[in-house]
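Undergrad: sequence and predicted structure, then a few things I'm wondering about:
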Amino acid sequence: MHKNPIARALAAITVGHAVVVENLTMVPLITKSAASGTPEYVVLDEALGSSAAEITEISDHGSIPELRFVNRGQHP
């Protein structure tokens, strides 16, 4: 058994099948706990639709590479 919490968490991860859309490749990381039940997170579209999340400029002047994300929901 791993005593290190990071090693324990990494040992519980399975790499899923890659999904490619144009020049973006996404590879799901699946934990044993995720395979047995409902995920403990909310996807962005759902969070924005329920006003649990908000994305805005970081200031009135903005910044090209930066946005502010606020999660008001109960889940990540």
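TA: Ah, there it is.

Undergrad: okay, and for the protein, where does confidence drop off?
TA: 1-2, 33-39 (pLDDT under 70).

Undergrad: neighbours around residue 60, how many?
TA: Using other Cβ atoms under 10 Å, residue 60 is surrounded by 5 other residues. Any C-beta I mention is one placed from the backbone N, CA and C, and that applies to glycine too.

Undergrad: wait, is it part of a strand?
TA: No - looking at residue 60 with DSSP: H, G, I helix; E, B strand; the rest coil, it is coil, so not inside a strand.

Undergrad: I'd assumed residue 40 was in contact with residue 76.
TA: Yes - the criterion here is Cβ atoms under 8 Å, and residue 76 meets it with residue 40 at 7.1 Å.

Undergrad: quick check: phi and psi at the residue lying closest to residue 74 once chain neighbours are set aside.
TA: Distances taken as Cβ to Cβ, 6 or more residues apart in numbering place residue 52 nearest to residue 74, at 8.0 Å, with adjacent residues excluded. When read as degrees, to the nearest 10, the backbone of residue 52 gives phi -80, psi -20.

Undergrad: switch to numbering from 541
TA: All set: I'll call the first residue 541, so the last point we hit is now residue 592.

Undergrad: show me what contacts residue 592?
TA: Going by Cβ atoms under 8 Å, 6 or more residues apart in numbering, residue 592 touches 582, 586, 611-614.

Undergrad: buried subset of these?
TA: The neighbour-count test (16 or more other Cβ atoms under 10 Å) marks residue 582 as buried among the contacts of residue 592.

Undergrad: which one of the contacts of residue 592 is nearest to residue 562?
TA: Each of those was checked against residue 562 using Cβ to Cβ; the closest is residue 586, at 23.6 Å.

Undergrad: ok, back up a step: take the contacts of residue 592 and keep only those in strands.
TA: residue 611 (DSSP state E).

Undergrad: could I get the one helix or strand residue 550 maps to in PDB with only the CA atoms?
TA: Per DSSP states H and E, residue 550 falls inside helix 545-551. Output of helix 545-551 as PDB, limited to C-alpha atoms (Å, rounded to 0.1, in the frame of the first residue of the first chain):
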ATOM      1  CA  PRO A 545      -1.100  10.400  -0.900                       C
ATOM      2  CA  ILE A 546       0.000  11.500  -4.300                       C
ATOM      3  CA  ALA A 547       1.300   8.000  -5.200                       C
ATOM      4  CA  ARG A 548      -1.900   6.500  -3.900                       C
ATOM      5  CA  ALA A 549      -4.100   8.900  -6.000                       C
ATOM      6  CA  LEU A 550      -2.000   8.200  -9.100                       C
ATOM      7  CA  ALA A 551      -2.200   4.500  -8.600                       C
END
